[in-house]
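Engineer: No letters, just coordinates:
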């Protein structure tokens, strides 16, 4: 079978685009490394890249870092789940409007303006050094963003598909399963992907103030004892987990669930 | 009189858009079982609202709608007859494949699980789109999507198929092919079809009888029998002649009379 000239041209254009993407990605990734290199040569508090890299194998195998890593992951996942439930409830109430819709709208607006540090300190006063404080801070900081994204989804629901549901007498569970939930999936994924990175940043901050366990607490301990290489190692682990889950878990799951959209884009080419 | 003469019976129908603005007023029409009728009217006259009312989606302010002697209801299990509806846009769920789109309405209509796949295959074959069974709707062309929409409407094996300008968004060549196939399909199945259109030629080509509506709020202005035997050709000169007569006939009623024309020229 021979390829038509147009197909070959398309393939070449796509290859060129992928190479360009790859090159730009590599350039983007190398820039912070370059800054690190500059920092290590011009300051006394940034350790050399080589020193940190040499410590990584021993750090990930020898020291008891994993219980703290796991407890932080658990806090991020749990808080994000709570934020999703709260966010969906708030978005639903706001979408319905009326008095409660306006009330929810004001509260979400207020929560959007609260700085993470203030929330973490507030949680320390209210919950003392308890686990609930961490969950509270992360959920309260991330849920308004989830609510706004899901509200956008609810507002953009296609009324014409509802009408199709009326015509064919779809039951409420069928409408939820085939109309409402699939429509909200892209918005839910967008909310999860945005707030996942946000939750990691907030959880580390909350762990600095509120508890003695987790990656934030270990980071603070290393910093307090002037163990700069350890602090950098925790930073590297933090970034590996954050980017690893983003590119190896969230992005592939999103692509799989939303493959019906991609097929449309291909069809339009 | 039997049900077959008055299979669909609409009597003194009043429907409004919002409870105040009338869309259909004092409309009466009877459709026989197995008949293909067209409802013709200018854009925005209330044709779609009439179909919505016949399907039970929009409740009438007053008047009655009966299909096969039973009042049109609003849901499953209310004793009303099943209805297939092909809308102007395909209204397929983009996140479900072609087969899943049909399966969803079949399950909603209470079709037993072991029959669902058989029906999907049968109607996709009938519409010549069986190769797209597991395709996402966004991968299909406009014509293919509309075929799926028709297959979905027919697969529930409804008492009546309602079609609301289903080919108006397609290019002319695709629309002509689809009209031809619809005409053949109807001759095979003898399904009762109510076809809404604003195209006089389309109505003449497809229907045995045409209900001409007034400008909104809609009521029946005239009913015309199409005296051309089937199978018909879209380019048939008799259809051209009838089209000219109907245009002449509706000119005043649709607000394009001599005075309106002069006003427009000024």
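Structural biologist: In hand now; what should we look at? Model, not experiment: these values are computed from the prediction. Numbers count the residues shown, from 1 in each chain, chains lettered A, B, ... in the order given.
Engineer: Give the next helix or strand downstream of the helix or strand hosting residue A:194.
Structural biologist: In this assignment (DSSP states H and E), residue A:194 forms part of helix A:181-210. Sequence-wise, the next helix or strand downstream of helix A:181-210 (DSSP H and E) is helix A:215-224.
Engineer: angle of that next one against helix A:181-210?
Structural biologist: 30 degrees (axes from the mean of the first three to the mean of the last three Cα atoms, to 10 degrees).
Engineer: mind listing what's buried in helix A:215-224?
Structural biologist: Of the residues in helix A:215-224, A:215, A:216, A:217, A:218, A:219, A:220, A:221, A:222 count as buried by neighbour count, 16 or more other Cβ atoms under 10 Å in any protein chain shown. For every residue, glycine as well, the C-beta is placed using N, CA and C.
Engineer: Run through the residues of chain A sitting next to chain B.
Structural biologist: A:160-161, A:163-164, A:166-171, A:174, A:178-179, A:182-183, A:185, A:259-261, A:263-264, A:266-267 (Cβ under 8 Å from any Cβ of the partner chain).
Engineer: and stretch B:108-117, how far apart are its ends?
Structural biologist: 14 Å (Cα to Cα, to the nearest Å).
Engineer: Quick check: buried residues in it?
Structural biologist: B:108, B:109, B:111, B:116.
Engineer: again with stretch A:116-132
Structural biologist: For stretch A:116-132, using 16+ other Cβ under 10 Å, the buried residues are A:116, A:119, A:120, A:121, A:122, A:123, A:124, A:127, A:131.
Engineer: how about these in JSON lines, adding secondary structure?
Structural biologist: Converted to JSON lines, these look like this (DSSP: H, G, I helix; E, B strand; the rest coil):
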{"residue": "A:116", "secondary structure": "helix"}
{"residue": "A:119", "secondary structure": "helix"}
{"residue": "A:120", "secondary structure": "helix"}
{"residue": "A:121", "secondary structure": "helix"}
{"residue": "A:122", "secondary structure": "helix"}
{"residue": "A:123", "secondary structure": "helix"}
{"residue": "A:124", "secondary structure": "helix"}
{"residue": "A:127", "secondary structure": "helix"}
{"residue": "A:131", "secondary structure": "helix"}
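Engineer: Closest one of the residues you listed to chain B?
Structural biologist: residue A:116 (35.3 Å; Cβ to the nearest Cβ).
Engineer: near chain A, which residues of chain B?
Structural biologist: Going by Cβ under 8 Å from any Cβ, the residues of chain B near chain A are B:55, B:57, B:75-76, B:83, B:85, B:87, B:89, B:91, B:93-96, B:104-105, B:107-109, B:135-136, B:138-140, B:156.
Engineer: which ones among these are found in strands?
Structural biologist: Using DSSP state E, B:83, B:85 are the members of the residues of chain B next to chain A that sit in strands.
Engineer: Please enumerate the strands of the stretch 1-150 of chain B.
Structural biologist: B:8-16, B:22-31, B:36-40, B:62-67, B:70-71, B:83-86 (DSSP state E, counting those that start in this stretch).
Engineer: Can you say which of the ones you listed is nearest to residue A:12?
Structural biologist: Across those, residue A:12 has its closest neighbour in strand B:83-86 (42.3 Å, Cβ to Cβ).
Engineer: Direction included, what does that closest one pair against?
Structural biologist: Strand pairing for strand B:83-86, determined by DSSP bridges: strand B:160-164 (parallel).
Engineer: quick check: mean pLDDT across the partner strand?
Structural biologist: Strand B:160-164 comes out with an average pLDDT of 93.
Engineer: So which residue is dead centre in chain B?
Structural biologist: residue B:163 (2.1 Å; Cα atoms, centre = their mean).
Engineer: That one pairs with what?
Structural biologist: residue B:86, residue B:195.
Engineer: Was I right to think it contacts residue B:192?
Structural biologist: No - using Cβ atoms under 8 Å, residue B:163 is not in contact with residue B:192; the gap is 11.4 Å.
Engineer: Counting by contacts, list what the longest helix anywhere in chain B packs against.
Structural biologist: With secondary structure taken from DSSP state H, chain B has its longest helix at helix B:172-189. Judged by 3 or more Cβ pairs under 8 Å, 6 or more residues apart in numbering or on different chains; DSSP states H and E, helix B:172-189 is in contact with helix B:142-155, helix B:200-206.
Engineer: Pull out the buried positions in it.
Structural biologist: Quick answer for helix B:172-189 (16+ other Cβ under 10 Å): B:174, B:175, B:176, B:178, B:179, B:180, B:182, B:183, B:185, B:186.
Engineer: do the same with stretch A:70-88
Structural biologist: Quick answer for stretch A:70-88 (16+ other Cβ under 10 Å): A:71-73, A:75-76, A:78-80, A:82-84, A:86-88.
Engineer: how about these in JSON lines, adding secondary structure?
Structural biologist: Shown next, in JSON lines, are those (three-state DSSP):
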{"residue": "A:71", "secondary structure": "helix"}
{"residue": "A:72", "secondary structure": "helix"}
{"residue": "A:73", "secondary structure": "helix"}
{"residue": "A:75", "secondary structure": "helix"}
{"residue": "A:76", "secondary structure": "helix"}
{"residue": "A:78", "secondary structure": "helix"}
{"residue": "A:79", "secondary structure": "helix"}
{"residue": "A:80", "secondary structure": "helix"}
{"residue": "A:82", "secondary structure": "helix"}
{"residue": "A:83", "secondary structure": "helix"}
{"residue": "A:84", "secondary structure": "helix"}
{"residue": "A:86", "secondary structure": "helix"}
{"residue": "A:87", "secondary structure": "helix"}
{"residue": "A:88", "secondary structure": "helix"}
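Engineer: quick check, nearest of those residues to residue A:228?
Structural biologist: Nearest to residue A:228 among the buried residues of stretch A:70-88, with distances taken as Cβ to Cβ, is residue A:72, at 20.9 Å.
Engineer: Contacts only, for that closest one.
Structural biologist: A:203, A:204, A:207, A:214, A:215, A:216 (Cβ atoms under 8 Å, 6 or more residues apart in numbering or on different chains).
Engineer: What's the end-to-end length of stretch B:198-212?
Structural biologist: So stretch B:198-212: terminal residues 10 Å apart, Cα to Cα.
Engineer: Over to stretch A:221-231?
Structural biologist: Stretch A:221-231 end-to-end distance (Cα to Cα) = 9 Å.
Engineer: now stretch B:163-183
Structural biologist: Using Cα to Cα, the end-to-end distance of stretch B:163-183 comes to 13 Å.
Engineer: List of residues touching it?
Structural biologist: For stretch B:163-183, the external contacting residues (Cβ under 8 Å, 6+ apart) are B:47-48, B:51, B:85-89, B:127-128, B:141-143, B:146-147, B:149-150, B:153, B:193-199, B:202, B:205-206, B:230-232, B:234.
Engineer: Which among these count as buried?
Structural biologist: Using 16+ other Cβ under 10 Å as the threshold, B:47-48, B:51, B:85-89, B:127, B:143, B:146-147, B:149-150, B:153, B:193-199, B:202, B:205-206, B:232 are the buried ones among those.
Engineer: Quick check: the gap between residue A:18 and chain B.
Structural biologist: 22 Å (Cβ to the nearest Cβ, to the nearest Å).
Engineer: Could you report the neighbour count for that residue?
Structural biologist: Using other Cβ atoms under 10 Å in any protein chain shown, residue A:18 is surrounded by 10 other residues.
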